[in-house]
Each structure stands twice: as structure tokens, then as C-alpha cells.
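Model the following, please.
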Amino acid sequence: MSTSIFVNLPTTDLERSKAFYEALGFTINPMFTDENAACVVLADNIYFMVLTREYLGTFTDKQIVDPKTQAQTSIAFTRDSRDEVDEVLAKGLAAGGTEPREAQDLGFMYSRDLEDPDGNILGFLYMEPAAAQMGPDAYLAEQAGATPSTTA
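Sure, this is the predicted structure:
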């Protein structure tokens, strides 16, 4: 049995949220979408359930936070290159998202944050494959010790 992941996100405007996530390249599963919720397909077993705040409130007795002013979670997605990180951010910004802080370049990893129109935080990052295998400290140490090759 494989595990699927469903991340529930609050929205104040379901149609706007659907358009935003479609602009990022994701699809909406109409079989699990109605006036209260939209099922955003991120990958084969990974989904966002974008729910109206009122509907999300039926799943918990806790207060639903306002993602415009409070952070409950930040969800990060890998991309295959820095350019792909920049491309998805451009799509998200054009679709009504905002970039709450500057890009982070740590040498082994490049990341940018994108907030959807409701303020839910999405991170997009590229990590050097060698850093993913070696770990960031070993990768950076190797990079610092590397010397440029010269040819005679």
C-alpha cells in the first residue's frame, strides 16, 4: 500500500486559488472539487486540498489561522535547476502571488519563497546533486578546497 499526502490549505477565494495553482502548472482533480474545496494534484500521491476557511473549520476544533499574518507551515518543492526555481516564481508572481523575502543562495542550495494569494508559504529550491549526496558541509568544504585546473 502506498501512502498519499494531502495538505489542507485555507483560502478566502476558492476560484482564485484554483487559478493560481493551475498557473504554477498543477492540475485540479474535478472529482474531488466542489464549492467548498479543490483538489490540486502536485504529483501521483501528493495533493493540496484548498478549502474554504469555513469548510476547513469543520475538520478541527482549533482556530484556523490567517496565513496572511501567521505561519503555520511552509511547504517546499525541489526543482531541477535554479532557472526552474526562477521560472515557477515568475509564474506565481504573475498569477497573484507575492515573494515575501529575497532569494537565498547558500552555495549548495538556491531557494525562493512564494506566498499564494491567501498567504500560504510555498518554497521552491534547487540543491546541487553532490550536496544532496555528501551533505552541505562536506560539499562546501570540497568546493573551498578545489583549485581551478590549468592547462599548459
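
all strands for the chain, in order.
In the chain, strands defined by DSSP state E lie at 5-11, 27-29, 37-43, 46-52, 74-78, 104-105, 109-115, 121-127, listed in chain order.

So what touches the third one?
By CB atoms under 8 Å, 6 or more residues apart in numbering, the surrounding residues in contact with strand 37-43 are 14, 17-18, 21, 26-29, 31-33, 47-52, 55, 77. The C-beta positions use only the backbone N, C-alpha and C, and glycine is treated the same way.

Where do the domain boundaries of this protein fall?
Structural domains of the chain, as assigned by automatic domain parsing, span the residue ranges 1-59, 73-147.

Kindly give a single ChimeraX line that selects the buried subset of the contacts of strand 37-43.
Burial among the contacts of strand 37-43 is assessed by 16 or more other CB atoms under 10 Å; the matching ChimeraX selection reads:
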select :14,17,18,21,26,28,33,47,48,49,50,51,52,55,77
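
re the thing from before, among the strands of the chain, which comes closest to residue 97?
For those, the distance to residue 97 is smallest for strand 109-115, at 4.9 Å, taking CB to CB.

now for that closest one, which elements pack on it?
If contacts are counted by 3 or more CB pairs under 8 Å, 6 or more residues apart in numbering; DSSP states H and E, strand 109-115 sits against helix 82-94, strand 104-105, strand 121-127.

go with 10 Å
strand 74-78, helix 82-94, strand 104-105, strand 121-127 (3 or more CB pairs under 10 Å, 6 or more residues apart in numbering; DSSP states H and E).
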